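In: Need a 3D model of the following:
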Amino acid sequence: MSTHTVLIASALMIVTGVAVAVQSPINAAMGRIIESSLAAATVSFFVGFVALLILTLAVGDGPSLPRVTSVPPWLLVGGLFGALFVWSSLWSVSILGLLTLTIMVVLGQVAAAMVIDYLGAFGLTARPISIPRILAACCLLAGVVLSRY
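Out: Numbering: from 1, shown residues only. You can find the predicted model right below:
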């Protein structure tokens, strides 16, 4: 993999991180205006669905959509996890604050990633749970405490 590709992927993920941070308070504001966090999450997900559908069709990947019928049904749970993230973050942001919410999300991701890596789940190469990885998770846990109290 070229350095150029790695740099592009890294920049994309930084921009995505900014977008995720901005998404929660924007969706929470919509929830306050329409008086429903669940309805706001639904609208947000619908807008995202339409955008992805347009992009999928525009780049010529539309013929891949019907192939979803050939995937095991449990693989569709990813959409549920996305919906959970959108709703729970827009509901929680005004309670926890954006910094604490973000650190908690990353802590959950790191904990799950360590287990998934250890198990080699979903076709990934198994990687041991090491002291540095545990310390990284502990640093995030400390960040939650420091951001909250």
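In: List the buried residues in stretch 40-57.
Out: Ala40, Ala41, Val43, Ser44, Phe45 (16 or more other C-beta atoms under 10 Å). To be clear about C-beta, it is placed using only N, CA and C from the backbone, and glycine gets the same treatment.
In: Actually, stretch 4-23.
Out: Applying 16+ other C-beta under 10 Å to stretch 4-23 flags Ala21, Gln23 as buried.
In: Can you tell me how far the residue nearest to Arg148 when sequence neighbours are not counted is from Val93?
Out: Excluding the flanking residues, the one nearest Arg148 by C-beta to C-beta, 6 or more residues apart in numbering is Thr100, at 5.1 Å. Distance from Thr100 to Val93, counting by C-beta to C-beta, to the nearest Å: 9 Å.
In: likewise Leu119?
Out: Leu119 is 31 Å from Val93, by C-beta to C-beta.
In: Of these two, which one has the most company?
Out: Val93 (23 against 11; other C-beta atoms under 10 Å).
In: Next up, the contacts around that one.
Out: Taking C-beta atoms under 8 Å, 6 or more residues apart in numbering as the criterion, Val93 is in contact with Ser24, Pro25, Ala28, Leu101.
In: So which of the residues you listed belong to strands?
Out: Counting by DSSP state E, none of the members of these fall within strands.
In: just the residues you listed now: which is nearest Gly143?
Out: Nearest to Gly143, judged by C-beta to C-beta, of the contacts of Val93 is Leu101 at 11.9 Å.
In: check contacts around the closest one.
Out: Ser24, Ser89, Ser92, Val93.
In: what number of residues lie near the third one?
Out: Same thing as Ser92. Ser92, neighbours per other C-beta under 10 Å, totals 18.
In: Please name the nearest non-neighbouring residue to it.
Out: Leu101 (5.6 Å).
In: so Trp44 touches Val86, yeah?
Out: To be clear, residue 44 is Ser; Trp isn't right here. Yes: under the criterion of C-beta atoms under 8 Å, Ser44 makes contact with Val86 at 5.4 Å.
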